[in-house]
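# The sequence and its predicted three-dimensional model are supplied below.
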Amino acid sequence: MVTTRELRDRAGDEPITMLTAYDAPTAAVIDDAGIDVILVGDSMGNAVLGHDSTLPVTLEEVQSRTGAVARATEDALVVADMPFLSFGVDDADSVENAGRMLKEADADAVKIESGPHTVELTRKLAQLGIPVMAHLGLTPQHVNQLGGYQRQGTDPDAAEELLELAREHEDAGAFSLVLEHVPANLAAQVTAALDIPTIGIGAGPDTNGQVLVITDVLGLDEWSPPFSKQYADLRGEMTSAVESYKREVESGEFPADEHSHVEDDVDDVY
Ligand code: KIV
């Protein structure tokens, strides 16, 4: 079993591998492959729920999908993403919502899109025994404020602010930090400045680990971000399987004898 403590201790040694998953069969494949961390990301909004952002994703949707992932996972650390407005509005609600991910969905930790407003919440959750993965750089829940999904930390002021926030979240007790869509040289400096592991997505090679969205990796989406890499063409595979099925049903080739059974006793009921 991968633990948050093990990941903290591994910072700077063997790279940490992390992928998202939103269902049991995908989680089982990822876990069997020995990936360290499975993130039940709110990226499910775009990746599998048909939304054009992560904003509509609900606590109940992340909870339900985290439960499915956790039931199929034996070794990886399961991290549940806190969806938009499930934290940061009211302190007691934030704690309760994060707690539900561990108590009811069997997550091992939560991830929170971070900013100045999440430092004290991170401290509170860590004190209560809810491990927090912080997330800085591009935080897609701020898409309306950012005006899109652009690179972050690209000027000295923004870079310094990000580094300071990273330090504050580490001091508050975060066990790791996701850095999304930031310059590789900034991610390298943040990584050098922290003891906790950094996990990059679009943040270059010098973080302590990497994360990608599983539907991008498998080639299920028509679009994927420029910093992602597609390792398979499941959309193509699915298209050809569905077309073959349609063709065989229409031609009568499916179902064949081996997919059917006959009982002599029910020969004469009509
Ligand atoms: O929701 C998500 O999948 C994420 C990762 C891209 C880090 O936040």
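Nice, I can see it. Residues are numbered from 1 along each chain as shown.
# use CA for all of it now, contacts and neighbours both
Will do.
# Show me which residues of stretch 148-159 are buried.
Within stretch 148-159, the residues that qualify as buried are 152-153, 159, counting by 16 or more other CA atoms under 10 Å.
# Pick the one among these closest to the ligand.
The shortest separation between the ligand and any of those is 14.2 Å, and it belongs to residue 152 (by CA to the nearest ligand atom).
# So that closest one is in contact with residue 182, correct?
Yes - contact status for residue 152 versus residue 182: in contact at 5.1 Å, counting by CA atoms under 8 Å.
# what residues are shared contacts of the two?
Taking CA atoms under 8 Å, 6 or more residues apart in numbering as the criterion, residue 152 and residue 182 both touch 137-138.
# if I pick the residue of the stretch 151-270 of the chain found nearest the ligand, what's in contact with it?
As assessed by CA to the nearest ligand atom, the ligand sits closest to residue 213 within the stretch 151-270 of the chain, at 5.6 Å. If you count contacts by CA under 8 Å, 6+ apart, residue 213 has them with 19-21, 43.
# can you pull out the strands in the protein?
Ranges of strands in the chain, per DSSP state E, are 16-20, 37-40, 77-81, 109-113, 132-137, 176-180, 198-201, 209-212.
# could those go into JSON lines alongside mean neighbour count?
Supplementary listing: these in JSON lines, determined by neighbours: other CA atoms under 10 Å:
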{"stretch": "strand 16-20", "mean neighbour count": "23"}
{"stretch": "strand 37-40", "mean neighbour count": "28"}
{"stretch": "strand 77-81", "mean neighbour count": "28"}
{"stretch": "strand 109-113", "mean neighbour count": "24"}
{"stretch": "strand 132-137", "mean neighbour count": "26"}
{"stretch": "strand 176-180", "mean neighbour count": "28"}
{"stretch": "strand 198-201", "mean neighbour count": "28"}
{"stretch": "strand 209-212", "mean neighbour count": "21"}
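# Pipe those strands into JSON lines and attach mean pLDDT per row.
As requested, the strands of the chain are arranged in JSON lines below (pLDDT from 0 to 100):
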{"stretch": "strand 16-20", "mean pLDDT": "98"}
{"stretch": "strand 37-40", "mean pLDDT": "98"}
{"stretch": "strand 77-81", "mean pLDDT": "98"}
{"stretch": "strand 109-113", "mean pLDDT": "98"}
{"stretch": "strand 132-137", "mean pLDDT": "98"}
{"stretch": "strand 176-180", "mean pLDDT": "98"}
{"stretch": "strand 198-201", "mean pLDDT": "98"}
{"stretch": "strand 209-212", "mean pLDDT": "98"}
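# Would you reformat these as TSV and include distance to residue 30?
Conversion of these to TSV gives the following (distance: least, CA to CA, whole Å):
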stretch	distance to residue 30
strand 16-20	8
strand 37-40	8
strand 77-81	11
strand 109-113	18
strand 132-137	20
strand 176-180	19
strand 198-201	17
strand 209-212	12
